[in-house]
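Participant: My questions are about this predicted structure, shown below with the sequence.
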Amino acid sequence: MSGSDEEKSIFDLQDLRSLRKRPDILSRIKWDVTPLIVMEPRFQARPDDLQKLRDITGYLFYIETESERPSLMLMRIGKSDITSTAGMIEEIPFEMVQRAIDNPLHPPVHGMYAITEEIKDWLRKELSL
């Protein structure tokens, strides 16, 4: 990879097909990390918070509701606590996304909802994980 991954445009986002070819991303998906965990305040000067950041560094699937139509998104969580959008999964049945919004596992954070077990199972199947 060249340049900065932080500066990708919407056209560079990973989709389901391209994600299947990215073991570097697939091996770093944090299935148990939620938007609530990502948005917790952390201070890198504190050892406990630094360890929490190490634990969540990787990739997180979440549902974004701030757009015109709610979408399943992939977020990159960097070692320096910087996040960036890495993917958009448009292939998911919209009913699954809507169920996750209608019956949230956790309260949404800034319009971001955690994915459900139903969505995790669908992703694992689609990504052959």
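Facilitator: Everything's here; your move.
Participant: For the protein, just list every one of the strands.
Facilitator: For the chain, strands defined by DSSP state E occupy the ranges 58-64, 71-77, 83-89, 112-114.
Participant: what number of residues lie near the closest residue to residue 120 other than its chain neighbours?
Facilitator: Among residues not flanking residue 120 along the chain, residue 31 sits closest, at 6.0 Å (C-beta to C-beta, 6 or more residues apart in numbering). From N, CA and C alone the C-beta is placed, and that goes for glycine too. A total of 14 residues lie near residue 31 under the criterion other C-beta atoms under 10 Å.
Participant: Just the pLDDT for residue 31.
Facilitator: With respect to pLDDT, residue 31 has a value of 96.
Participant: same thing with the one 4 residues further on?
Facilitator: In this model, residue 35 is scored at 94, pLDDT.
Participant: contacting residues for it?
Facilitator: 60, 62, 106, 108-110, 112-114 (C-beta atoms under 8 Å, 6 or more residues apart in numbering).
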